[in-house]
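Colleague: 3D model of this:
(chains A and B, ligands or ions: 2)
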Amino acid sequence: MSVLIYAENAGGKFKKSTFEAVSYAKAIADQNNISLIAISIGDVANDELAALGKYGAEKVLNVANDKLKNFVNQAYASVIAEAAKANGANIVVLSNSFSGRGLAPRLGVKLEAGVADGAVALPEQNGNKFTVKKTAFSGKAFAIVELTSANKVIALTPNSYKIVESGVVAKVEDFTVEAKASDFTEMIKDIVRSTEKVSLPDAEIVVSAGRGLKGPENWGMIEELADLLGAATACSKPVSDAGWRPHSEHVGQTGIAVSPNLYIAIGISGAIQHLAGVSSSKVIVVINKDAEAPFFKVADYGIVGDAFEVLPKLIAAVKEYKASA
Amino acid sequence: MKILVCISNVPDTTTKITFTDNNTQFNTNGVQFILNPYDEIALARAIELTDGGKGSVTVINVGEVNTEATIRKALAIGATDAVRINAKPHDAWYVAYQIAQYVKANPFDLILTGRESIDYNGSKVAGMLGELLDIPSVSIIKKLDTEANQATVEREIEGGKEVLTIPFPFVAGTAEGVAEPKIPNMRGIMSARTKPLTVVEPAEVKTFSEIISYETPAPRGQVNLVSADEPAKLVELLHTQARVI
Ligand SMILES: Cc1cc2nc3c(=O)[nH]c(=O)nc-3n(C[C@H](O)[C@H](O)[C@H](O)COP(=O)(O)OP(=O)(O)OC[C@H]3O[C@@H](n4cnc5c(N)ncnc54)[C@H](O)[C@@H]3O)c2cc1C
Ligand SMILES: Nc1ncnc2c1ncn2[C@@H]1O[C@H](COP(=O)(O)O)[C@@H](O)[C@H]1O
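Modeller: Ligands and ions are numbered 1, 2, ... in the order given. Okay, the predicted model is just below:
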């Protein structure tokens, strides 16, 4: 038996969420006294592959097939399932990224495995009982799910498990699979990446603003603060509905759910639907001119004040802090 | 074109989530149930794509009789007909399996789901359906345009998007951007009462997962307020106390 972790790359580099998932998978392998095998698909350099050892992978299966350079949901799921079978992996771990959410359910069906999506903690194992805590009700609660099948698929929520270095030396091996033609009916026409920006679901810090900012022309301050902090930008639903910001920035119950280390909410009232998607952030800072705004009830730090006055001062203070650090 | 839209019946977004029976049951007392907001988007796009006699939109729900109000709402918005698979939706696998059984007997060109249900948030039904039917699936799409034999979709990826063309049939989970939700009008509401709603009994299926219990997030402590004139103080606290910058 072994644990298989799908190590997702973006443009040939592993992402932070991948290292989190490898660390998490390593801890599961240790719980069960079994080995951890990683699988990487696409164009990833050898030293990058070997670096997965640092987080606990003993073996790295490298699938470098020209047809598999870019993500094709069906084909990637087939390859990972084949690798799981070939290596006797009964637990498959991946990151609950956009691609991970495409793969996990297909893997669940292929491996006849229970799927714990959006896991936020290590499984608890008690005899035959294997339970995983996952987010539910859009962040308003957690569900403890028991996976009763022999095989198990777990998709880990980004930013919910700390990277742990265990310093194993990984053996990198090529893994070849016959690719089924029927797995390749979807064709990629274009990939558009805004590379200079921090991606929202993975971000450790998120600077988010709402209707209190009055209009799209005032987002310069938000972007400046985000840039200084290495943060991603986000917004409330009415802001993206009005077209001030793109839909991909909308967080909340009906938008993206985020769990960064730091969430800074500026000019957002804190409606229940907004809080649902952000309340698992580790630290929440609220800036709002209304001391009665509901957001303050779930905030760790707050400033009651006008964003147009507070933000320039805050930006200056961050600059000063960075200059002194 | 024949489109199937999978719809789920979920607690209204304003619901305060609580549990009963020692945190093992979701407390539905006083909870209003609605059509899952992402499924509304899927339904709206399906109606747009088949508008003017270019096809039909069937909605399907795995649920007990109490979901019929939500199904009628989907019919009022403009679905052609509806199917209810008469069972408690045990988990995403159970739901996908039941829908796949139906689709094997009644093929569709395009199957839409929401990107996730706002109660169990699995983003799983679309992928599981794709696998069960051995057709492509895209878990989260932001745009959907169709041609005769294929569709062009935009898939969300971290920090960008991917544009894909996919031949029919396939499954896609819709997110914001695909369409604006539609509000039923009076004629829709009237006609919904007489549109066909077929009830199908579920197939036997093994289960692989079980929800044991629920937890609610730990409450946060009192907010630490910093004066509006001293944002530097906030920066210091974030650095030295919270240690997040
Ligand atoms: C089905 C459904 C789903 C929804 N899903 C979501 C979701 O996923 N995400 C989401 O965000 N919302 C969602 N909503 C909307 C939600 O109910 C709220 O309407 C929304 O979050 C409010 O956005 P806001 O806080 O930006 O605006 P408002 O509620 O208008 O709040 C603006 C805030 O800015 C403050 N303010 C004003 N001027 C200033 C200033 N100069 N300086 C500082 N502060 C200022 C005000 O005091 C106020 O608190 C949903 C609603 C429904 C019905
Ligand atoms: N009981 C159900 N009946 C029909 N469709 C469902 C049901 N539950 C979920 N779905 C569909 O699957 C999507 C994703 O759900 P989930 O995998 O639970 O996040 C939803 O947006 C619906 O389109």
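
Colleague: for residue B:126, what are its contacts?
Modeller: A:105, B:111, B:113, B:115, B:137-139, B:171-173 (Cβ atoms under 8 Å, 6 or more residues apart in numbering or on different chains). In this view, the C-beta of every residue, glycine as well, is placed from N, C-alpha and C.

Colleague: again, 10 Å this time
Modeller: Neighbouring residues of residue B:126 by Cβ atoms under 10 Å, 6 or more residues apart in numbering or on different chains: A:101-102, A:105-106, B:6, B:42, B:92, B:96, B:111-116, B:137-141, B:170-174.

Colleague: what does residue A:53 give?
Modeller: Contacts of residue A:53 (Cβ under 10 Å, 6+ apart): A:22, A:36, A:38, A:59-60, A:165-172.

Colleague: and the gap between it and residue A:119?
Modeller: The gap separating residue A:53 from residue A:119 is 23 Å, by Cβ to Cβ, to the nearest Å.

Colleague: write the ChimeraX selection for whichever of the contacts of residue A:53 are buried.
Modeller: Of the contacts of residue A:53, the buried ones can be selected in ChimeraX as follows, counting by 16 or more other Cβ atoms under 10 Å in any protein chain shown:
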select /A:22,36,38,59,60,168,170,172
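
Colleague: show me where chain B has its helices.
Modeller: B:37-50, B:68-77, B:92-105, B:125-133, B:186-192, B:231-240 (DSSP state H).

Colleague: show me what the shortest one is packed against.
Modeller: Right, the one you point to is helix B:186-192. Counting contacts by 3 or more Cβ pairs under 10 Å, 6 or more residues apart in numbering or on different chains; DSSP states H and E, helix B:186-192 is packed against helix B:68-77.

Colleague: what is the mean pLDDT for stretch B:157-164?
Modeller: Mean pLDDT, stretch B:157-164: 90.

Colleague: centroid-nearest residue for the chain?
Modeller: Because you didn't say which chain, this covers chain A. Residue closest to the average C-alpha location in chain A (Cα atoms, centre = their mean): residue A:158, at 2.9 Å.

Colleague: mind checking the SS state of it?
Modeller: Recorded secondary structure, residue A:158: coil (DSSP: H, G, I helix; E, B strand; the rest coil).

Colleague: test my guess that it contacts residue A:232.
Modeller: No. Using Cβ atoms under 10 Å, residue A:158 is not in contact with residue A:232, being 11.6 Å away.

Colleague: so what sits against both of those two?
Modeller: Shared contacts of residue A:158 and residue A:232, counting by Cβ under 10 Å, 6+ apart, come down to A:199, A:201-204, A:258, A:260, B:158.

Colleague: low-confidence ranges in the chain?
Modeller: In the absence of a named chain, chain A is used. Applying pLDDT under 70 to chain A picks out residues A:195-196.

Colleague: can you tell me which residues in it are near ligand 1?
Modeller: A:210-212, A:236-239, A:252-255, A:267-269, A:271, A:273-274, A:277, A:288-290, A:293, A:306-308 (Cβ under 6 Å from any ligand atom).

Colleague: looking at those, which are in strands?
Modeller: Secondary structure assignment by DSSP state E places residue A:288 of the residues of chain A next to ligand 1 in strands.

Colleague: can you flag the buried ones in the residues of chain A next to ligand 1?
Modeller: For the residues of chain A next to ligand 1, buried by 16+ other Cβ under 10 Å: A:210-212, A:236-237, A:239, A:252-255, A:267-269, A:271, A:273-274, A:277, A:288-289, A:293, A:307.

Colleague: can you narrow these down to the ones near chain B?
Modeller: Near chain B, judged by Cβ under 10 Å from any Cβ of the partner chain, the entries from those are A:237, A:252-255, A:271, A:273, A:289, A:307.

Colleague: biggest strand in chain B, by residue count?
Modeller: Assignment by DSSP E; longest strand in chain B turns out to be strand B:137-146.

Colleague: in that strand, what counts as buried?
Modeller: B:137-144, B:146.

Colleague: what's opposite the closest residue to ligand 2 within chain B in the beta bridge?
Modeller: Proximity of chain B to ligand 2 (Cβ to the nearest ligand atom) peaks at residue B:114, 2.5 Å away. Assessed by DSSP bridges, residue B:114 has beta-bridge partners residue B:174.

Colleague: where's the residue lying closest to residue A:279 once chain neighbours are set aside relative to residue A:95, distance?
Modeller: Excluding its sequence neighbours, the residue lying closest to residue A:279 (Cβ to Cβ, 6 or more residues apart in numbering or on different chains) is residue A:139, at 5.5 Å. Noted for residue A:139: a distance of 18 Å to residue A:95, by Cβ to Cβ.

Colleague: next one: residue B:59
Modeller: With distances taken as Cβ to Cβ, residue B:59 is found 32 Å from residue A:95.

Colleague: cool, residue B:13 as well?
Modeller: 27 Å.
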